[in-house]
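Colleague: All I have is the shape, not the residue letters:
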């Protein structure tokens, strides 16, 4: 019977040792879980902050793009009006030159008739 008792004691010692090793492994794993949960929280917070920043940048970009489009429209309208002014000035100059030529010819005819 003492041999069976010794075997039982040996099994008991091994069983306690295995349970202690499992407890150590479980504690290590628990520490890793806590560490990763903390890291996860930090990352989620960073994502939230970056998402808010992205929303603000997108809103700012949209406003600035709308303003730029208004500038483009105003510039295009102003350039078109300016081109019309240039064309009108050119036409006016041509009319003025023609009238000056006509007046010059009329003045020349009067001058020669009176001689």
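Modeller: Looks like it came in fine. A quick note: this is a predicted structure, and the numbers were derived from the prediction, not measured.
Colleague: Only C-alpha atoms from now on, for both contacts and neighbour counts.
Modeller: Will do.
Colleague: This structure: helices as residue ranges?
Modeller: Assigned by DSSP state H, the helices in the chain fall at 2-114.
Colleague: mind showing which ranges of it have poor pLDDT?
Modeller: 108-115 (pLDDT under 70).
Colleague: now do 90
Modeller: 1-8, 100-115 (pLDDT under 90).
Colleague: Show me which positions of stretch 99-109 end up buried.
Modeller: When burial is assessed from 16 or more other C-alpha atoms under 10 Å, stretch 99-109 yields no buried residues.
Colleague: again, but for stretch 37-50
Modeller: Buried residues in stretch 37-50 (16+ other C-alpha under 10 Å): none.
Colleague: Burial check on residue 59, number of neighbours?
Modeller: Residue 59: 12 surrounding residues under other C-alpha atoms under 10 Å.
Colleague: Next one: it from residue 69, what distance?
Modeller: Residue 59 sits 15 Å away from residue 69, going by C-alpha to C-alpha, to the nearest Å.
Colleague: Then residue 19?
Modeller: Taking C-alpha to C-alpha as the measure, residue 19 falls 73 Å from residue 69.
Colleague: Ok, residue 17 next?
Modeller: Distance from residue 17 to residue 69, by C-alpha to C-alpha: 76 Å.
Colleague: repeat for residue 7
Modeller: 90 Å.
Colleague: Residue 43 too?
Modeller: Residue 43 is 38 Å from residue 69, by C-alpha to C-alpha.
Colleague: for residue 28, same thing?
Modeller: 60 Å.
Colleague: and what of residue 14?
Modeller: Distance from residue 14 to residue 69, by C-alpha to C-alpha: 80 Å.
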